[in-house]
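# quick one: sequence and predicted model below, then my questions.
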There are 2 protein chains.
Amino acid sequence: MTHFSEDDFISHLFAPLAGPEGLGLRDDAAVVAPPLGHDLVMTKDALVAGVHFFADDTPQDIARKLMRVNLSDLAAKGADPLGFLLALAIPSHCDDAFWRAFAQALQEDSVLFSCPLFGGDTVSTQGPLVMTLTAIGVVPHGHHVPRFGARAGDRIYVSGTIGDAALGLDVRKGADWTRACNKEDRAFLLARYLLPMPRLHLRRALRAEANGAMDVSDGFVGDLTKMMRVSGVSARIHLASVPFSPAVRRAIQRVPALYDHALTGGDDYEIIAAVQPERASMFEAEALAAGVQVTCVGEVVEGHEPPQFVDESGGLHSFARGSYSHF
Amino acid sequence: MTHFSEDDFISHLFAPLAGPEGLGLRDDAAVVAPPLGHDLVMTKDALVAGVHFFADDTPQDIARKLMRVNLSDLAAKGADPLGFLLALAIPSHCDDAFWRAFAQALQEDSVLFSCPLFGGDTVSTQGPLVMTLTAIGVVPHGHHVPRFGARAGDRIYVSGTIGDAALGLDVRKGADWTRACNKEDRAFLLARYLLPMPRLHLRRALRAEANGAMDVSDGFVGDLTKMMRVSGVSARIHLASVPFSPAVRRAIQRVPALYDHALTGGDDYEIIAAVQPERASMFEAEALAAGVQVTCVGEVVEGHEPPQFVDESGGLHSFARGSYSHF
């Protein structure tokens, strides 16, 4: 258990993360002067030990995941991070060393992503560690990228590669198939699961060129389906175009059933974007300039039915399990 | 357990609470256009079943407490509520009826306090119900009331009455002394514990007249001590002036030990304000016009020692236990 008092816990561990808006964490509230001509984007995700991460993950990995899954939501809206609020429900088995390491890692990410701590709350719990983070971002007024903005005719892009984290979770769990993986692939997949990289570098390209976007947290198939549904449209996806990492390709070659798993498993934290064709080359160029690989995987079509997933032979692929649910 | 899917849970129960900023809860993030010339005030409190409320409290009481303890923080900053984000870590024993009642009560408070839902997250947990709420408020630029703004010479005011909730918690727990209470006193004290009333009506008077303020959540003695410490000052409190309700007076008459309990117990959600003497009559008049009773209980003095509590005979009263800690 922690030997800090609540005041010491805050002043020793978390005050170093605070921005000026956090008033040195000496107040119950933060005061934020919003940049003129900008809207604020606000998102809030909760992570529970045993549900979203393993209770024996390192405090560093837990801290980074908490920060990054929220920044991923800001990235999908095209927003620049401004700051965050943090609430921790703390079980007695987390000791001082845990919290020192947690705060240190959170501070590093706070600096890395220019996202200082505004405030929050720490309480005790008899249950598992529960952490919630509210991330605040900014976009020029009227320029956020809505999830429900996809229009028929838009090209559908996805950033990075899909399925690494789902297979990385298998590595974390020691699933049978992972024993045949080479060491490098196992390390790569595990890192992609443990340490999401929010695609913030893509935010300007999204703001400038995308009609709609969302981050992929519950699996590519399920999240694409959700994005099309809230946009009132459907989609046609060319499965051969979906970008896989070499590690995932090798795993699927050995165990074909992993194909569906890669496309439906959670925790990718990549971005799906809908871009109208006239803006596609500009979007690709801006993404390239920002250092983010984007791949066109299909197009938005009219209709209200679920997206169609077309395989290499031109047939329709159906997925037994649409998406991963943490609910 | 709940039979809602996560999507249904959100669209059926919580979408009716959403303001336009919440984008119909169809997105992962809210988009807020801050009112021109205003700062945003942000606060985030967490409540855990078994720590901050009883697991068998009604869903209505739990929902209202969650909303109101956060609004109490906004009130202390002099802020008008703008909206809130909500995260719920949901145990399996909370059923559909629980969540319908919870959402209904939250909606009523959301309307009552003009504080619509912006967004949030719902996840499952194997542990107790954990709820965190991020409340967003607005103040004219530069006019928030800091906790650490008290200056030597200021008069110290407190709103409402102190100790009702601490004794109400005893009623909730069925403490021995409460059996001698009459029915009306028990009901009054219990209601004050279960249903905090954030002192939002005081916000304009605080903005206009107060140098510093904080809400009393962890007990009058402890929170006053904290406010003086972060302000770099001390205080002299005239205990005979501290406002008690008739129910608390009657309880103390029967059980003198309840005196300290009333002054150090938690959950008052009243406001402590430091007001310079030239502004005191104006502050009192504005509070009166807003329908909130405020009482001068002492004055801020120079020094870094803890506040002095002077009893009716002019002697110093010391408290065995400074404040209530939920940590």
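Cool, got the structure. What you see is a predicted model; the values in this text were computed from it and never measured. Numbers count the residues shown, from 1 in each chain, chains lettered A, B, ... in the order given.
# quick check: mean pLDDT of stretch A:52-63?
Per-residue pLDDT over stretch A:52-63 has a mean of 94.
# go on, stretch A:307-316?
Here the average pLDDT along stretch A:307-316 is 94.
# what's the answer for stretch A:153-172, then?
Mean predicted confidence for stretch A:153-172 is 98.
# that one vs chain B: in contact?
No - against chain B, stretch A:153-172 shows no contacts by CB under 8 Å from any CB of the partner chain, the least distance being 15.7 Å. All C-beta atoms are positioned from the backbone trio N, CA, C, and that covers glycine.
# so for that stretch, what gets flagged as buried?
A:154-172 (16 or more other CB atoms under 10 Å in any protein chain shown).
# and whatever residue of the stretch 101-250 of chain A ends up closest to chain B, how many neighbours?
Nearest to chain B in the stretch 101-250 of chain A, going by CB to the nearest CB, is residue A:127, at a distance of 1.7 Å. Using other CB atoms under 10 Å in any protein chain shown, residue A:127 has 22 other residues around it.
# show me where the stretch 151-300 of chain A has its helices.
A:164-173, A:183-194, A:203-209, A:220-231, A:246-254, A:258-264, A:277-289 (DSSP state H, counting those that start in this stretch).
# could you export the last one as CSV, CA atoms only?
What follows is the C-alpha trace of helix A:277-289 in CSV, where atoms were taken according to Å, rounded to 0.1, in the frame of the first residue of the first chain:
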residue,chain,number,x,y,z
PRO,A,277,-11.6,11.5,-53.9
GLU,A,278,-10.5,15.1,-55.0
ARG,A,279,-8.7,15.4,-51.7
ALA,A,280,-7.2,11.9,-51.6
SER,A,281,-3.8,12.7,-53.1
MET,A,282,-3.5,15.8,-50.9
PHE,A,283,-4.4,13.6,-47.8
GLU,A,284,-1.8,11.0,-48.8
ALA,A,285,0.9,13.7,-49.3
GLU,A,286,0.2,15.4,-46.0
ALA,A,287,0.2,12.1,-44.1
LEU,A,288,3.4,11.1,-45.8
ALA,A,289,4.9,14.5,-44.8
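# so how far is that helix off the chain centroid?
22 Å (CA atoms, centre = their mean, to the nearest Å).
# now do the buried residues in it.
Applying 16+ other CB under 10 Å to helix A:277-289 flags A:279, A:280, A:283, A:284, A:286, A:287 as buried.
# which residues are in contact with it?
Contacts to helix A:277-289, defined as CB atoms under 8 Å, 6 or more residues apart in numbering or on different chains, come from residues A:153-155, A:157, A:159, A:202, A:204-205, A:208-210, A:273, A:275, A:293-294, A:296.
# mind running it again at 7 Å?
Here helix A:277-289 makes contact (CB atoms under 7 Å, 6 or more residues apart in numbering or on different chains) with A:153, A:155, A:157, A:202, A:204, A:205, A:208, A:209, A:210, A:275, A:294.
# around chain B, which positions in the stretch 51-200 of chain A sit nearby?
Proximity of the stretch 51-200 of chain A to chain B (CB under 7 Å from any CB of the partner chain) is limited to residues A:51-52, A:73, A:76-77, A:85, A:87, A:89, A:118-128, A:130, A:132, A:134, A:141, A:144, A:146-148.
# thinking again about what came up before, what's the separation between the residue of the stretch 101-250 of chain A closest to chain B and residue B:54?
Going from residue A:127 to residue B:54 by CB to CB, to the nearest Å gives 15 Å.
# try residue A:156
49 Å.
# contacts only, for residue A:119.
A:22, A:25, A:29, A:30, A:85, B:42, B:43, B:44.
# same thing but at 6 Å, please
A:22, A:30, A:85 (CB atoms under 6 Å, 6 or more residues apart in numbering or on different chains).
# counting only strands, which of those residues make the cut?
A:30, A:85 (DSSP state E).
# now distance to residue B:96 and neighbour count too, for the contacts of residue A:119, in CSV please.
Below are the contacts of residue A:119 laid out as CSV (distance: CB to CB, whole Å; neighbours: other CB atoms under 10 Å in any protein chain shown):
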residue, distance to residue B:96, neighbour count
A:22, 39, 25
A:30, 36, 29
A:85, 30, 25
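# let's have the contacts of residue A:119 in CSV, adding distance to residue B:190 and pLDDT.
Shown next, in CSV, are the contacts of residue A:119 (distance: CB to CB, whole Å; pLDDT from 0 to 100):
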residue, distance to residue B:190, pLDDT
A:22, 36, 76
A:30, 34, 91
A:85, 32, 96
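# out of the contacts of residue A:119, which comes closest to residue A:62?
residue A:85 (17.5 Å; CB to CB).
# hmm, that closest one is touching residue A:122, no?
No - between residue A:85 and residue A:122 there is no contact under CB atoms under 6 Å: 11.8 Å.
# could you pull up the residues touching the residue nearest the centre of chain A?
With distances taken as CA atoms, centre = their mean, residue A:269 lies nearest the centre of chain A, 3.3 Å away. Applying CB under 6 Å, 6+ apart, one finds that residue A:269 lies in contact with A:72, A:196, A:215.
# looking at these, which are in strands?
Going by DSSP E, the strands hold residue A:215 from the contacts of residue A:269.
# which of the contacts of residue A:269 lies closest to residue A:258?
residue A:196 (20.2 Å).
# without its sequence neighbours, what residue ends up closest to the closest one?
residue A:269 (3.9 Å; CB to CB, 6 or more residues apart in numbering or on different chains).
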